[in-house]
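*Asks:* this one's structure only:
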């Protein structure tokens, strides 16, 4: 693996995910025990982050470190978070309908 670390892209993925889940830089910083100004620097790619900070951010953002580093998610690990995000705010009937649709698709996936 000969991929260099692109801190601007990492910062962009962190910002997009933070905004997607509705956190401010301050809230993310507090949850990760990092200052909001450091979060801003990370998101702009102007500061490098430690492995420890990367792991904290990944945990709070509910994504894999692999996704933050290289824009690749571990598919099975990311599914629950993605599904939960899609269904956020839906009523019980919509969630049940969603799961029925998923089960129907899964049972016929080889035919698609």
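*Replies:* Received the coordinates, thanks. The model shown is predicted, which means the values in this text are computed figures rather than measured ones.

*Asks:* element containing residue 85, please.
*Replies:* Applying DSSP states H and E as the criterion places residue 85 in helix 75-87.

*Asks:* What does residue 34 show for phi and psi?
*Replies:* Taking degrees, to the nearest 10, you get phi -130, psi 150 for the backbone angles of residue 34.

*Asks:* if you skip the residues just before and after it, what's nearest to it?
*Replies:* Once flanking residues are discounted, residue 34 sits nearest to residue 53: 6.2 Å by Cβ to Cβ, 6 or more residues apart in numbering. Backbone N, C-alpha and C define where each C-beta goes, glycine included.

*Asks:* what's near enough to touch that neighbour?
*Replies:* Residues counted as contacts of residue 53 (Cβ atoms under 8 Å, 6 or more residues apart in numbering) are 32, 34, 42.

*Asks:* sec struct for it, please.
*Replies:* Secondary structure, DSSP: H, G, I helix; E, B strand; the rest coil: residue 53 is helix.

*Asks:* Tell me the confidence at it?
*Replies:* The model reports residue 53 with a pLDDT of 96.

*Asks:* Could you do residue 58 as well?
*Replies:* Taking residue 58 on its own, its pLDDT is 94.

*Asks:* Same question for the one 3 residues further on.
*Replies:* You'll see residue 61 listed with a pLDDT of 95.

*Asks:* Residue 16 is in contact with that one, correct?
*Replies:* No - with contact defined as Cβ atoms under 8 Å, residue 61 does not reach residue 16; the gap is 9.7 Å.

*Asks:* higher neighbour count, these two?
*Replies:* Neighbours per residue, other Cβ atoms under 10 Å: of residue 61 and residue 16, the larger number sits with residue 61, 22 against 12.

*Asks:* Excluding covalently adjacent residues, which one is nearest to that one?
*Replies:* Distances taken as Cβ to Cβ, 6+ apart place residue 17 nearest to residue 61, at 4.6 Å, with adjacent residues excluded.

*Asks:* Just the mean pLDDT for stretch 88-101, thanks.
*Replies:* 87.

*Asks:* residues in contact with that stretch?
*Replies:* Contacts with stretch 88-101, where a contact means Cβ under 8 Å, 6+ apart, come from 86-87.

*Asks:* Noted, bye for now.
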